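Undergrad: Predicted structure and sequence below. I'll ask about it afterward.
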Amino acid sequence: MDFGRISRRHLLQGGAALTLGAAAGLRPAFAAETTIGFIYVGSRDDYGYNQAHAQGAAALKKLPGLKVIEEEKVPETDAVEKTMESMINLDGATLLFPTSFGYYNPHMIKMATKYPKLRFEHCGGLWSEKDPKNAGSYFGYIDEAQYIAGIVAGYTSKSGKLGFVAAKPIPQVLRNINAFTLGAKLANPKATTQVIFTGDWSMPVKEAEATNSLIDQGVDVLTCHVDGPKTMVENAARRGAFVTGYHVNQSPLAPKAYLTGAEWNWEALYPKFVKMLAAGESIPNFYRGGLKEELVKVSPYGEAVSEQARKHADEIKAKFLGDGYTIFKGPIKDNKGNTVITAGTERGQKDPELEKMDYLVEGVIGATS
Amino acid sequence: MTTEAADPVDAAAIAPAADAGFLQRWGTEIEYILIPGAALVAALVLFGIFVALFGKNPLDLYWYMYYGAFGTWFSWQNTLTRAAPLILTALCTALPAQLGMVIIGGEGALLIGALAATSAALALQGMPPLVVQIAMVVAGMAGGGLWILLSGALRQYRGVNETISSLLLVYIALAILNHLVEGVMRDPASLNKPSTREIGAANMIGSIPGTDVHWGLVFGLIVAVAAYVLIYHTTFGFAARVAGGNIRAAKIVGLSVGRLILTVCFLAGACAGLAGMVEVAAVQGRTNANLAVGYGFTGILVAFLARQNPLAIIPVAILLGGINASGGLLQRRLGLPDASVLVLQGIIFISVLASDALYGRIGFLKGKS
């Protein structure tokens, strides 16, 4: 009966472990405060997309009466549905921020339908009338900040050749490349932007290769639109090129090479959302804005930025913050010579046509497919 | 008291004899449960020490792992949902292992299976849902099967190592998927997340009634049991195991080893292809890059932990599903990084592999003592 004895002993030990565990588990009690869940697709210290959201979450942690819970590296599958449900069922979250684009449909929509009393806020999605009312999507017109960065880059570049390391030729990315290039052309009408698409959001090896290859071709100011700009920023700085950042301020990575950058301003937006809810107001389901609405911001200028560049960039920034300014103002041609926005047409930020952008403007070297 | 004391010799004489008989008959089976179980406990202890080094209480850790994976009905559903694809992708490694082949390309077969299933659904729009679903199953299994068949054929006719070829085929599968999804199969409305068109809500296979767990779990259970019967209770399975044990002997007794290799590879790929079909028909509703989240690679781990036994794959997949399900809670409650779950998986993998050395060496299980 050796086996029986072992089994009994194991059972007892197991039981003891469980009891201990249960006692331990009771200690972190559920507090009677609002719990907000943040879900990131990558790691929250990536110096990029996810860190920008984590900074927003950190701003909420400072507010009293809020409990912020976070989970990183959650894939865009049913795993994110389960993460949301886990935050709801096990942590009592009532407001959720699934921050990656691919979380929206079908995953967040499914959860918002299942939990109609809770609030779901998604970054980047296009909320429409057929979607649940307790779901919302917010996004910033970060091309405004890219436009300012383009002006600074145009003044700083000696060769007139700018580089752009991009993930995929999708509308959001193309809009940034185009805005950056149009900004640079304000400073230097002959400036060109060479773009390289890496094919995915996080491809550090390809991003490093693209950075090196751009610099080899004479590019001396680079920017990017990938999830983690760290690779591009560090490699470019090592090669003696200048960079403008994206998502968050990357100047700690390359203090000398960092000119400025297009940053998200989630640390301003998220507390605003929470205050709206606390005051009993509802957050608009479709929430958009740019520099003026404090959804995006421009990094402080680096020491290498000339007086002339600062002056021009500040001037345009003041227009964005004031009466408004249109980046996509006709006539604009694409880099194949076709007119994409006719003379006299102004495509303001909220123009739905811009959400479908599928071209690269004149001055961009590269192709969308 | 008196009776026991009166005849101690008798009791001693009978008990060990009964023990020895019991252990001689069941010793091997007990080993198969006891050794991996002990390895698992050892891994958990090691992980507890690892976590303690970060200043966290290991008892909290164990409690949260239990709570997040099996502690509530929700946790169970979370675990089973995550286990479902792993059962099928593990079979993609476990079946060829009977022939002594190491196939690690289940991820590729999953992607191709998903693409094939989506294509079938899109081609049959308007047909009754049951017809579409059956077509998706057939297409998914055929697609995945043919993909791994390629590795088998390369091995059989060209002597290419199947481990390397199946791994490299994963990258080719991903490239094909991205190419089609961003090209001819792209839904023009999927602006910032290139995807195929949706297969339609009516064609989704949905969840098991009363739960949130999709039908993929049932598919996995059926296929795993079928695979067990095939391998251990048919002449085909016997032939495969003979060929796996000694290929020359198999050839001498007249087994068609080539046909065995090709058939088994096809079946293996079909399992992973079915997993891809389920991801489309139960979770995503369409094909896009979100499908490549590593289910195929985790499946390899499951197959090895289950010692390539199709039935053992089921509890192992549930265990790993549970570890993944509780990973979020560890991040949220203990502030552990996401990678800690990977560390635990790695420790389990190593300790189970190392425990292989113990088989047949535990004296008391042989009834020797």
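TA: Alright, I've got the coordinates.

Undergrad: mind listing what the most centrally placed residue in chain A touches?
TA: Per C-alpha atoms, centre = their mean, the C-alpha nearest to the average position across chain A is that of A:Tyr49, at 4.0 Å. Under the criterion of C-beta atoms under 8 Å, 6 or more residues apart in numbering or on different chains, the contact partners of A:Tyr49 comprise A:41-42, A:99, A:201, A:227-228, A:247. Every C-beta, even on glycine, is put in place using the N, C-alpha and C of the backbone.

Undergrad: Turn the residues you listed into TSV, including neighbour count and distance to B:Gly254.
TA: Written out in TSV, the entries for those read as follows (neighbours: other C-beta atoms under 10 Å in any protein chain shown; distance: C-beta to C-beta, whole Å):
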residue	neighbour count	distance to B:Gly254
A:Val41	23	55
A:Gly42	21	55
A:Thr99	25	61
A:Trp201	20	54
A:Asp227	25	57
A:Gly228	25	58
A:His247	26	65
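
Undergrad: so which of those also contact chain B?
TA: Contacts with chain B within the contacts of A:Tyr49, counted by C-beta under 8 Å from any C-beta of the partner chain: none were found.

Undergrad: What residues does the stretch 101-250 of chain B have near chain A?
TA: Where proximity means C-beta under 8 Å from any C-beta, the interface of the stretch 101-250 of chain B facing chain A comprises B:178, B:182-183, B:191-194, B:212, B:214.

Undergrad: just to revisit the earlier point, let's see the pLDDT reported for the residue nearest to the centre of chain A.
TA: Listed pLDDT for A:Tyr49 reads 95.

Undergrad: In chain B, what residue comes closest to chain A?
TA: Taking C-beta to the nearest C-beta as the measure, the point where chain B comes nearest chain A is B:Trp63, at 3.6 Å.

Undergrad: so that residue is in which element?
TA: Mapping B:Trp63 onto the secondary structure by DSSP states H and E places it in helix B:58-66.

Undergrad: Quick one: name whatever helix or strand follows that helix.
TA: Scanning forward in sequence from helix B:58-66 by DSSP H and E, the next helix or strand is helix B:73-97.

Undergrad: average pLDDT for that next one?
TA: Per-residue pLDDT over helix B:73-97 has a mean of 96.

Undergrad: buried ones in that helix?
TA: Of the residues in helix B:73-97, those scored as buried under the neighbour-count criterion (16 or more other C-beta atoms under 10 Å in any protein chain shown) are B:74-97.

Undergrad: Output stretch A:109-122 as CSV, nothing but the C-alphas.
TA: Presented in CSV, the C-alpha positions along stretch A:109-122 are these (Å, rounded to 0.1, in the frame of the first residue of the first chain):
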residue,chain,number,x,y,z
ILE,A,109,-17.3,44.8,-29.7
LYS,A,110,-18.2,41.4,-28.5
MET,A,111,-17.3,42.3,-24.9
ALA,A,112,-19.1,45.6,-25.0
THR,A,113,-22.2,43.8,-26.2
LYS,A,114,-21.8,41.2,-23.5
TYR,A,115,-21.3,43.7,-20.7
PRO,A,116,-23.6,46.6,-21.6
LYS,A,117,-23.2,48.4,-18.2
LEU,A,118,-19.4,48.7,-18.5
ARG,A,119,-17.5,51.3,-20.6
PHE,A,120,-15.0,50.3,-23.3
GLU,A,121,-12.7,52.9,-24.8
HIS,A,122,-10.6,51.9,-27.8
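
Undergrad: what distance separates that stretch from the middle of the whole chain?
TA: Computed by C-alpha atoms, centre = their mean, to the nearest Å, the separation of stretch A:109-122 from the middle of its chain amounts to 22 Å.

Undergrad: Same question for stretch B:142-151.
TA: Here the centre of mass of C-alpha atoms in stretch B:142-151, compared against the chain's by C-alpha atoms, centre = their mean, lies 18 Å away.

Undergrad: part of a strand, is A:Gln194?
TA: Yes - judged by DSSP: H, G, I helix; E, B strand; the rest coil, A:Gln194 forms part of a strand.

Undergrad: Pull the number of nearby residues for it.
TA: Residues contacting A:Gln194 under the criterion other C-beta atoms under 10 Å in any protein chain shown number 19.

Undergrad: Helices along chain B, start to end?
TA: With DSSP state H applied, chain B shows helices at B:2-6, B:8-53, B:58-66, B:73-97, B:106-123, B:129-158, B:162-181, B:216-233, B:235-245, B:247-252, B:257-278, B:295-305, B:310-334, B:339-355, listed in chain order.
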